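S.K.: Requesting a structural model of the entry that follows:
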Amino acid sequence: MDLGSAVWRKSSKSGSDGGSCVEVAANLAGVVGVRDSKDPGGPVLVVASDEWRAFLAGLKNAAG
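M.R.: Okay, here's the model as predicted:
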């Protein structure tokens, strides 16, 4: 999959100390990319957009 057009944004929950940082690219057609911001050239997890929304909803329900 070509991720050249991915627009990455850092998670608002990532720490400012350079520790656990996650970046997400949600501008891709039908999928969402997830990567480690400390290794931008490394592996990318690609999931279907609807599965990503379900994952986030699950996190919000667990935290609530």
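S.K.: So what's the residue count around residue 9?
M.R.: When neighbours are counted by other Cβ atoms under 10 Å, residue 9 registers 12. Yep, even glycine has a C-beta here, placed from its N, CA and C like the rest.
S.K.: who does it bridge with?
M.R.: For residue 9, the residues forming beta bridges with it (DSSP bridges) are residue 24.
S.K.: quick one: the strands in the protein?
M.R.: With DSSP state E as the criterion, the chain has strands at 9-10, 22-25, 31-36, 45-48.
S.K.: Of all these, which one is nearest residue 63?
M.R.: With Cβ to Cβ as the criterion, residue 63 lies closest to strand 22-25 of the strands of the chain, at 15.9 Å.
S.K.: pLDDT of that closest one, averaged?
M.R.: In this model, strand 22-25 has a mean pLDDT of 94.
S.K.: Am I right that residue 46 is in contact with residue 31?
M.R.: Yes. Taking contacts as Cβ atoms under 8 Å, residue 46 lies within contact range of residue 31: 5.1 Å.
S.K.: residues shared between the contacts of the two?
M.R.: Here residue 46 and residue 31 share the contacting residues residue 1, scored by Cβ atoms under 8 Å, 6 or more residues apart in numbering.
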